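[1] Below: sequence and its predicted model.
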Amino acid sequence: MKQLSLLFALFLFMSCANTKKGANEFNSDSQDLGEIETLSGEYQLIALKDENISSEDIYLKIDDKGESLMVNAGCNVLRVDFIQENERISFQPPVSTKMYCEGKMSYENILNLILPDISEIQRKADNLVFLSKENQVLLTVRKTDNSE
């Protein structure tokens with residue numbers, strides 16, 4: 001219960017302190033690769049870089065406005081704001097709770113590092129693939145049945 005209260009207070013604080021950059025931060029002369037719908041709902045993390053981690057049951061929840069992502073990888077909750085314009089996406093540095101959980105923090109640490117490096121989304125069959133500026137696959141997710 002104490003952790004839930006702390007988590008609620010953190011989200012309340014972050015929503016009040018939230019600042020947005022304009023969508024004009026995207027490079028307007030980039031080639032249009034086709035429209036991607038505004039992200040929202042729940043997604044399962046299928047792969048982290050080139051490692052299949054679908055058995056880890058890590059889920060990403062994106063708010064209805066498509067502006068904020070929350071991830072719980074088994075210990076801490078990561079929250080990160082983002083701006084999406086079609087296939088272009090820009091993540092702010094994540095914030096998270098700071099609990100220590102033996103053996104459950106490795107994916108959280110990786111996500112903390114790679115989320116700000118994501119710059120593009122592509123659709124591959126039923127999955128969404130998040131790419132770096134160098135076109136390296138960083139995340140692969142699949143929308144779950146729990147989503148709208």
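    Arrived safely. Values in this document were obtained by computation on a predicted structure and should not be read as measured data.
[2] The closest residue to residue 54 other than its chain neighbours and residue 91: what is the separation?
    Of all residues beyond its chain neighbours, the one nearest residue 54 is residue 46 (4.8 Å), with distances taken as Cβ to Cβ, 6 or more residues apart in numbering. (Glycine included, C-beta is placed from N, CA and C.) From residue 46 across to residue 91, the span is 18 Å (Cβ to Cβ, to the nearest Å).
[3] ok, now residue 139?
    According to Cβ to Cβ, residue 139 stands 11 Å off from residue 91.
[4] Parallel or antiparallel, list what pairs with the host helix or strand of the residue nearest to residue 54.
    Per DSSP states H and E, residue 46 falls inside strand 41-48. Using DSSP bridges, the strands paired with strand 41-48 in its sheet are strand 51-52 (antiparallel), strand 59-62 (antiparallel), strand 137-143 (antiparallel).
[5] who does the strand or helix carrying residue 81 pair up with?
    Secondary-structure assignment from DSSP H and E places residue 81 in strand 77-85. Strands flanking strand 77-85 in the sheet, each with its direction: strand 68-72 (antiparallel), strand 88-91 (antiparallel), strand 95-96 (antiparallel) (DSSP bridges).
[6] Return the alpha-carbon coordinates of stretch 51-62 using CSV.
    Below are the C-alpha coordinates for stretch 51-62, written out as CSV (Å, rounded to 0.1, in the frame of the first residue of the first chain):
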residue,chain,number,x,y,z
GLU,A,51,16.8,-10.4,-27.9
ASN,A,52,13.3,-12.1,-27.8
ILE,A,53,11.9,-11.3,-24.4
SER,A,54,8.3,-12.1,-25.0
SER,A,55,8.3,-14.7,-22.2
GLU,A,56,9.2,-11.9,-19.7
ASP,A,57,5.7,-10.4,-19.8
ILE,A,58,6.8,-6.8,-19.9
TYR,A,59,4.0,-4.4,-20.9
LEU,A,60,3.9,-0.8,-22.0
LYS,A,61,0.9,1.3,-21.4
ILE,A,62,0.4,4.4,-23.5
